[in-house]
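Colleague: Structure, please.
(4 chains)
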There are 2 protein chains.
Amino acid sequence: MAKEQVSSILRALQILECFMDGDTEWTLKALVERLGLPTTTVYRQVSTLAERQYLEQDPVRKSYRPGPRLLMLSSAVLGRSDLRCTARPELERLSEALQETINLSVLLEHDIFYLDKVETRRSIVCNTQVGSRAPAYATSAGKAMLSCRSDACIEEYCRWMAGAARPLTERTITDPARLREELAFARLHGYAVDDGEIEEGLICVAAPICDMNHRAVGAVSVSGPDYRMQADRELMIREVRRTARNISQLLGFRE
Amino acid sequence: MAKEQVSSILRALQILECFMDGDTEWTLKALVERLGLPTTTVYRQVSTLAERQYLEQDPVRKSYRPGPRLLMLSSAVLGRSDLRCTARPELERLSEALQETINLSVLLEHDIFYLDKVETRRSIVCNTQVGSRAPAYATSAGKAMLSCRSDACIEEYCRWMAGAARPLTERTITDPARLREELAFARLHGYAVDDGEIEEGLICVAAPICDMNHRAVGAVSVSGPDYRMQADRELMIREVRRTARNISQLLGFRE
DNA sequence: GGAAAATCTTCCGCAGCACGGAATATGATT
DNA sequence: AATCATATTCCGTGCTGCGGAAGATTTTCC
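Modeller: Residues are numbered from 1 along each chain as shown, chains lettered A, B, ... in the order given. So this is what the prediction gives:
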């Protein structure tokens, strides 16, 4: 599976990925430094992407930005995403019921990625932004999705974590052994909790969404300030789990 | 400018673009037929994209779908798009004021592409969907953006149109000469109208959004059933133009 | 249930294309 | 005006991606 790759495609994707995290505007030099490739090579790739309007070049500053075609692709992909479209009405219902911020996220490598969000008037906190990322070990959604992975996969994650995990707050879990416990709990009960591990005073509860192949393809989470979340804790857990189950079933999941 | 392209990147982009229009699920065979390339070649490209999780392969049906990484990229790009983010609150304000559906679109080649939409309770009509496309000559947004292009560019469009334009309703403009008039009007007055040209009984009014380089990077449009749109015609035009100007200025446009 | 057909995947040798160093153009900084 | 920083073009070499063909695998049909 890990063979027969077209290297120039991989490089082009790497370039596009630069626009995911960090700036939305990159100069050729900056891309060269980030990718560690010869200037000419990067130049050629970027020119190709620009020619097709996936990037566009500021005529005066010479820097590159996402182009209209990338916007098109993005909105088309999101506008047709099974996960996002199916989940949306359920998320709204959940937000209405709990009166807190609801997030939809996916897991990729070591991070979770926010795909969608529903806010309420009440919820002031919550700096999560659609399109941003966070380390899986520090989030309820990350733990919920990881808990559905195979043991081997979890071990691999823990091994990575041992070298890379950094505390974001005092309560952030950085010890692999501790994470294993959390994942075992999540696997058993079908939900995971983040108790101020990513941000002081912010509590999140998440449950995994599975597709027809029983793979965890995403997670629903509710987040809010501790004083509100503690009060209705049991309700939150029940409703988040129910919402995740509903979405899973809509995606073709059967017990 | 049209030189020094990396062909394998172009092919990979073509593959991704298949997921923009038409199905969200493609079998290898279908891609081969659509692209007209050797099976092996397409297979290699698709495998590369799948390896990086831009696509994912259904393990049983063998078909390919957008993968998590493409979702990530998409939401990151949209979540950081200057145009979309800047426009959003203005669109909401406009929708509130006019009580009709508001669309944000971009122009690419011969089509416009819907980037964002704000609906109201009142607006029942309107089948436009975020991520979908429509021919520029049959839409107010398309005409608004075309009118800002150079004469040479418009001529090129008209030449293409002569062979390709097909009527969508009785009123659709398919005659290049007629389109030129419309564009001249739009250029003069700063807005364009679609009077049932894309769908019977649907009227749209659009104005172009320009960036700091005075390029039309998008358009705002309002659409609704003719009986409502006719009544407040002048108001609609004024407000749409104002909104477009506001967004333009937020993007750095100066007269 | 077995044979044939359709589709997906691997193999491999050849050639074209992408690579990247060096030279040139452009434009900022002093 | 001279220097530096960055972007762009040029061009020969060798590697990489191409694609025909063979081999799996799954589906279809009798």
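Colleague: near DNA strand D, which residues of chain A?
Modeller: Residues of chain A lying close to DNA strand D by C-beta under 7 Å from any atom of the strand are A:5-8, A:27-29, A:32, A:39-40, A:43, A:47, A:57, A:62-63. Where you see a C-beta, it was placed from the backbone N, CA and C, and this is true even at glycine.
Colleague: Assign the spatially most distant residue from the centre of chain A to one of the three secondary structure states.
Modeller: Within chain A, the residue lying farthest from the chain centre (C-alpha atoms, centre = their mean) is A:V60, at 34.7 Å. Secondary structure, DSSP: H, G, I helix; E, B strand; the rest coil: A:V60 is coil.
Colleague: so the closest residue in space to A:Q129 that isn't next to it in sequence is in which element?
Modeller: Counting by C-beta to C-beta, 6 or more residues apart in numbering or on different chains, B:G79 is the residue found nearest to A:Q129 once chain neighbours are left out, at 6.2 Å. For B:G79, the element it lies in under DSSP states H and E is helix B:68-80.
Colleague: Do me a favour and average the pLDDT over that helix.
Modeller: Looking at helix B:68-80 alone, the average pLDDT works out to 87.
Colleague: what's the answer for stretch A:198-206, then?
Modeller: 91.
Colleague: hmm, back to that, what packs against the helix holding B:G79?
Modeller: helix A:68-80, strand A:101-108, strand A:111-118 (3 or more C-beta pairs under 8 Å, 6 or more residues apart in numbering or on different chains; DSSP states H and E).
Colleague: Buried ones in the helix or strand that the longest one is followed by, by neighbour count?
Modeller: Scanning forward in sequence from helix A:68-80, with DSSP H and E defining helices and strands, the next element found is helix A:82-98. Using 16 or more other C-beta atoms under 10 Å in any protein chain shown as the burial criterion, the residues of helix A:82-98 that qualify are A:D82, A:L83, A:R84, A:T86, A:A87, A:R88, A:E90, A:L91, A:R93, A:L94, A:S95, A:L98.
Colleague: So, low pLDDT: which residues of the stretch 101-250 of chain A?
Modeller: When residues are selected by pLDDT under 70, those of the stretch 101-250 of chain A lie in A:123-127.
Colleague: Residues of it that sit close to chain B?
Modeller: A:106-108, A:113-116, A:129-133, A:213, A:217 (C-beta under 8 Å from any C-beta of the partner chain).
Colleague: 6 Å - rerun?
Modeller: A:V106, A:L108, A:F113, A:L115, A:V130, A:G131 (C-beta under 6 Å from any C-beta of the partner chain).
Colleague: now the residues you listed in CSV, with neighbour count?
Modeller: Formatted as CSV, those follow (neighbours: other C-beta atoms under 10 Å in any protein chain shown):
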residue, neighbour count
A:V106, 26
A:L108, 17
A:F113, 27
A:L115, 25
A:V130, 18
A:G131, 23
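Colleague: Quick one: residues contacting A:I198.
Modeller: Counting by C-beta atoms under 6 Å, 6 or more residues apart in numbering or on different chains, A:I198 touches A:A138, A:T139, A:L168.
Colleague: any idea how far it is from B:K29?
Modeller: Here the criterion is C-beta to C-beta, to the nearest Å. By it, A:I198 lies 45 Å from B:K29.
Colleague: Run a quick neighbour tally on the residue of the stretch 51-200 of chain A found nearest DNA strand D.
Modeller: When scored by C-beta to the nearest atom of the strand, the stretch 51-200 of chain A has A:K62 as its residue closest to DNA strand D, at 4.1 Å. By other C-beta atoms under 10 Å in any protein chain shown, the residues close to A:K62 number 10.
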